[in-house]
Structure formats: C-alpha cells, structure tokens
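S.K.: okay, predicted coordinates and the sequence, questions at the end:
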Amino acid sequence: MPIWGLIIFFYLSVMNITMYVMMWSDKRKAEQEKWRIKERTLWTVAFLGGAIGGWLAMRLFRHKTKRTAFAIGLPGLSLVYLTVLLFLERLF
C-alpha cells in the first residue's frame, strides 16, 4: 500500500473514532439532561470522514434515530464514502 493510502486510512480511522465517541458522549449528555453537542458539529465531523462511525454509533446507542436527517443522511453519506474508497482501491 502506498504511503498516501496509509495516510488516508489513518485519517479516516481517526475521524470515525472521533464521531463514534462524539455520538456516545452526546447520548450520555442527553440522558443526563446536560449540555449537548451541536448537530452542526456532528455533521461537520461526518462530512470530514466520520460518517461510518456516526452511523455505527447511531445504531448501537439508538441516538438520533428519530431525526430524519441523521436516519437517512448518515447511512447515505457512509455509502458514498465506501463507494469512493472502493473506487480508489481499484484505481490504485
């Protein structure tokens, strides 16, 4: 695997772990009725590569599942990222 492939893998891993932790943290804060993470912040991290981690956290923690934007947007964005990754893998 070329060096840029490792850099992309590392970057996406960090973004997905970050999004996963943010969704977990937001769920806990919601349960405790504390200050929450803004949806704009969650979407920013998702668009920067954390959509798959967000989708996984959404399903595991049952968080934001009633919000249509998240229920449709995160799986859709995840599929876009997976498609791009598969295309890049085949390209190089």
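M.R.: Sure, I can see it.
S.K.: only C-alpha atoms from now on, for both contacts and neighbour counts.
M.R.: Noted.
S.K.: report the buried residues of the helix or strand of the chain with the lowest mean pLDDT.
M.R.: Within the chain, no helix or strand scores below helix 68-91, which has a mean of 91 by mean pLDDT, DSSP states H and E. For helix 68-91, burial by neighbour count (16 or more other Cα atoms under 10 Å) applies to 70-71, 73-75, 77-78, 81.
S.K.: in CSV: those, plus distance to Ser13.
M.R.: As requested, the buried residues of helix 68-91 are exported to CSV (distance: Cα to Cα, whole Å):
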residue, distance to Ser13
Phe70, 20
Ala71, 22
Gly73, 20
Leu74, 16
Pro75, 17
Leu77, 16
Ser78, 13
Tyr81, 13
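S.K.: list the contacts for Asp26?
M.R.: Residues near Asp26 by Cα atoms under 8 Å, 6 or more residues apart in numbering: 36-37.
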